[in-house]
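1. Have a look; sequence and predicted model below, questions after that.
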Amino acid sequence: MIKNEYLPYQAIIEEIKQETFDTKTFRVKFTAENLVKTFSYKQGQFMEVSLVGAGEAPISITSSPSRKGYLEFCIRAIGKVTKALHALQKGDTFYMRGPYGNQFPFEELKGKNIYFIAGGIGLAPVRSLMNLVFDHRKDFGHIKVLYGSKTPDELCFKDELESWKKIPDTEVWLTVDKPCEGWGCSIGVVTELWKETDINPKNAVAVVCGPPIMIKFATLKLMESGFYASDVIMTLERFMKCGLGKCGHCNIAEKFVCMDGPVFTYEQIKKFPVKEHVF
Ligand SMILES: Cc1cc2nc3c(=O)[nH]c(=O)nc-3n(C[C@H](O)[C@H](O)[C@H](O)COP(=O)(O)OP(=O)(O)OC[C@H]3O[C@@H](n4cnc5c(N)ncnc54)[C@H](O)[C@@H]3O)c2cc1C
Ligand code: FES
């Protein structure tokens, strides 16, 4: 039988966590038991998530492939689909198809020091790789997490930020644009953290995700710090429709972000003839 690539599968919501005023994390499971057992995905991939009557949106899988039996999506309510998803309760269902896109490297990162650099909801796609790395902690070098948001309330995965600090050989550096009373970490954009902690390119890779402006300035800082463009890995967002390389909505030059990405190295992006539109 020919597989229909557009066929969505039903998922049931097992848990909902309010991350910030407009962002929730949904833990879901396929309603079909065989899919719970057989479905697999890679760190950095996304699903097309849909609700009848609302539409469909690409959403990164934020859970780690090393944690089986469920998928997690961290979703910010900004438009028709994401607001309709936010209205759902535990036990409700929605549909999803995928997984789509390429993946963050994993085997290639073994033995390296890793800088995870994220802004706002940009931590969601990177968290899939982070928890995969933490589940194989001994295979990697020193890890630094540099994470920023507008306010302390807008930091996602607050519990995990605390638990990651306790993982051996791991540092978590936080910064916000507007602090609240009692805020004990840095103030300013993520690149301000360069003043607080040593960013050393030796045997290191950096994984960057966040708003385009943050990706741009973090990448420039990494270049200034001596990183090779091939060691700076990022995940890009583009307007997408099909998610599987057919409609052309997501193209940059000759690349389809949904298929050739969303994960790219800066080395690859530098070669795009329209790289000024990427960030
Ligand atoms: C590969 C990929 C992974 C993604 N992962 C996540 C994720 O993990 N969590 C999450 O919350 N979102 C994620 N997004 C973004 C999400 O798919 C879009 O925000 C989507 O359009 C929301 O659908 P909607 O119907 O709710 O909003 P729409 O009704 O489509 O849009 C509402 C408003 O937001 C604007 N908008 C739409 N998409 C974007 C965008 N990407 N950037 C800036 N403005 C936009 C529109 O122009 C419009 O003004 C991802 C996008 C891609 C391509
Ligand atoms: S979203 Fe259709 S080609 Fe990428």
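-> Perfect, thanks for sending it. Ligands and ions are numbered 1, 2, ... in the order given.
2. For F94, which residues count as its bridge partners?
-> Listed by DSSP bridges, the beta-bridge partners for F94 are A11.
3. Just to check, it is in contact with A87?
-> No. Under the criterion of CB atoms under 8 Å, F94 makes no contact with A87, lying 10.8 Å away. From N, CA and C alone the C-beta is placed, and that goes for glycine too.
4. Now for these two: what residues contact both?
-> Common contact partners of F94 and A87 (CB atoms under 8 Å, 6 or more residues apart in numbering): none.
5. Which of those two has more residues huddled nearby?
-> For F94 versus A87, the count of surrounding residues by other CB atoms under 10 Å is larger for F94: 21 against 10.
6. How much space separates the more buried one from ligand 1?
-> Using CB to the nearest ligand atom, to the nearest Å, F94 is found at 13 Å from ligand 1.
7. which residues touch the residue of the stretch 51-200 of the chain found nearest ligand 2?
-> Closest to ligand 2 within the stretch 51-200 of the chain is P58: 7.7 Å, counting by CB to the nearest ligand atom. Contact analysis of P58 by CB under 8 Å, 6+ apart lists 46-49, 100, 240, 243, 258.
8. Can you say which of those are also within reach of ligand 1?
-> Near ligand 1, judged by CB under 6 Å from any ligand atom, the entries from the contacts of P58 are 46, 240.
9. which of the contacts of P58 count as buried?
-> 46-49, 100, 240, 243, 258 (16 or more other CB atoms under 10 Å).
10. and the residue nearest the centre of the chain, backbone torsions?
-> The centre of the chain sits closest to P125, judged by CA atoms, centre = their mean, with a distance of 1.2 Å. Phi and psi for P125, reported as degrees, to the nearest 10, are phi -70, psi -40.
11. With the flanking residues excluded, which residue is spatially nearest to it?
-> Leaving aside its sequence neighbours, P125 sits nearest to S60 (CB to CB, 6 or more residues apart in numbering; 3.8 Å).
12. can you confirm P273 is in a strand?
-> No. Read with DSSP: H, G, I helix; E, B strand; the rest coil, P273 is coil and lies in no strand.
13. burial measure for it, as a count.
-> 9.
14. where exactly do the strands run in the stretch 151-279 of the chain?
-> 170-176, 186-187, 204-209, 232-235, 251-252, 255-256, 263-265 (DSSP state E, counting those that start in this stretch).
15. The stretch 1-150 of the chain too?
-> Under DSSP E, counting those that start in this stretch, the stretch 1-150 of the chain gives strands at 9-20, 23-30, 46-51, 55-60, 71-76, 93-100, 113-119, 143-149.
16. can you list these in TSV and add mean pLDDT?
-> Putting those into TSV (pLDDT from 0 to 100) gives the following:
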stretch	mean pLDDT
strand 9-20	97
strand 23-30	98
strand 46-51	97
strand 55-60	96
strand 71-76	98
strand 93-100	97
strand 113-119	98
strand 143-149	97
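17. K42 - how many residues pack around it?
-> 18.
18. list the contacts for it?
-> 65, 99, 102-104, 106.
19. List the strands paired with the helix or strand of the chain with the lowest mean pLDDT, with their directions.
-> Ranking every helix and strand in the chain by mean pLDDT, DSSP states H and E puts strand 251-252 at the bottom, with a mean of 88. Take DSSP bridges as the rule and strand 251-252 pairs in its sheet with strand 255-256 (antiparallel).
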